[in-house]
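Trainee: Below are the sequence and a predicted model; questions follow.
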Amino acid sequence: MHIQELVLYTSSLASQKQFYSQALGLSLVDERPDSFTVQAGLTRLSFHETKQNVLYHIAFTIPRNKFARAKDWLVRQQIPFLRKDGEDEIFFDNINARSCYFPDPDNNILEFIVHYNLARETDGDFSPADVLHVSEIGLPVEDVPALATKFEETLGLKPYGGPVSEGFAFMGDITGQLVVTKIGRPWLPTLTVPAAPSPVQVTLSGTRKQWLDLAPYPYILTAHQ
């Protein structure tokens, strides 16, 4: 499963545009009075202006040989790490992956992740061109198993890295995951920021063709093979 396009929202459009296009160095491919779009590897990532408070968790997959160099690059960009128990990275044994986390100007929780079973490597120092794609988007809901079942029945997505629980489901595969979490469950790594619904529009490929409006949650998914 690939996340081809992701539309999110922000109450600080100018700051977000500066962060994603300059601090993170992602190519600015569209700019309008109330929105902008950057290219994050294979994923088009857009932010639209809103007055409501929003909170997102998204992850960017990078080449499996670039984790240390990506962390060094974040330090040079003066982007602070988010930490868990004082540590600035987490290894996930269940999916053989390693992550570091950092905030954007809206305090969304961003993640660089390497999947060691994903055979993608590049030469040289880390640069924004090493961002392969957006691989995770968080979708907080009240009933995690129900939405996980819906994704399996309608899109053919399977749990990845472990079974579905009452509080969490990782639906997808090594290239992309819908992170279904219970509303109020703290996001990694800080364990102090509770998950809350914010409007999301996501276009997926590599699944069954489907259009899903997940009302009452503000999530719209368009999927195709």
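Mentor: Ah, there it is. Numbering: from 1, shown residues only.
Trainee: Residue 152 is in contact with residue 171, isn't it?
Mentor: Yes. Judged on Cβ atoms under 8 Å, residue 152 makes contact with residue 171 at a distance of 7.3 Å. In this view, the C-beta of every residue, glycine as well, is placed from N, C-alpha and C.
Trainee: of these two, who's got more company?
Mentor: Remark: of residue 152 and residue 171, residue 171 carries more neighbours, 23 against 15, as counted by other Cβ atoms under 10 Å.
Trainee: and the more buried one, what helix or strand is that in?
Mentor: Under the criterion of DSSP states H and E, residue 171 resides in strand 168-173.
Trainee: avg pLDDT for that strand?
Mentor: Throughout strand 168-173, pLDDT has a mean value of 98.
Trainee: Buried residues, the following helix or strand past it. List them.
Mentor: Next helix or strand after strand 168-173 toward the C-terminus (DSSP H and E): strand 176-182. Using 16 or more other Cβ atoms under 10 Å as the test for burial, strand 176-182 gives 176-182.
Trainee: again, but for stretch 181-199
Mentor: So stretch 181-199, judged by 16+ other Cβ under 10 Å, has buried residues 181-182, 187-189, 193, 195, 197-199.
Trainee: beta partners of the residue most central in space within the chain?
Mentor: The centroid of the chain falls nearest to residue 58 when counting by Cα atoms, centre = their mean (1.9 Å). Judged by DSSP bridges, the bridge partners of residue 58 are residue 110, residue 137.
Trainee: next one: phi and psi at residue 147?
Mentor: Dihedral pair for residue 147: phi -70, psi -40, per degrees, to the nearest 10.
Trainee: Am I right that it is in contact with residue 212?
Mentor: No. Assessed by Cβ under 8 Å, residue 147 is found out of contact with residue 212, at 10.0 Å.
Trainee: neighbour-wise, which of those two wins?
Mentor: residue 147 (23 against 17).
Trainee: any idea of the pLDDT on that one?
Mentor: Residue 147 is assigned 98 on the pLDDT scale.
Trainee: Who are the contact partners of it?
Mentor: Residues counted as contacts of residue 147 (Cβ atoms under 8 Å, 6 or more residues apart in numbering) are 139, 141, 169, 180, 214.
Trainee: tell me the two of those that are most distant?
Mentor: 169 and 214 (13.8 Å; Cβ to Cβ).
Trainee: Counting neighbours, what do you get for residue 22?
Mentor: Burial of residue 22 is recorded as 11 neighbouring residues (other Cβ under 10 Å).
Trainee: I should have written residue 123 there, sorry.
Mentor: Residue 123: 7 neighbours (other Cβ under 10 Å).
Trainee: Give me the three-state assignment for it.
Mentor: coil (DSSP: H, G, I helix; E, B strand; the rest coil).
Trainee: ditto for the one 3 residues further on
Mentor: Assigned with three-state DSSP, residue 126 falls in the coil class.
Trainee: Please enumerate the helices of this protein.
Mentor: 13-18, 67-76, 144-155 (DSSP state H).
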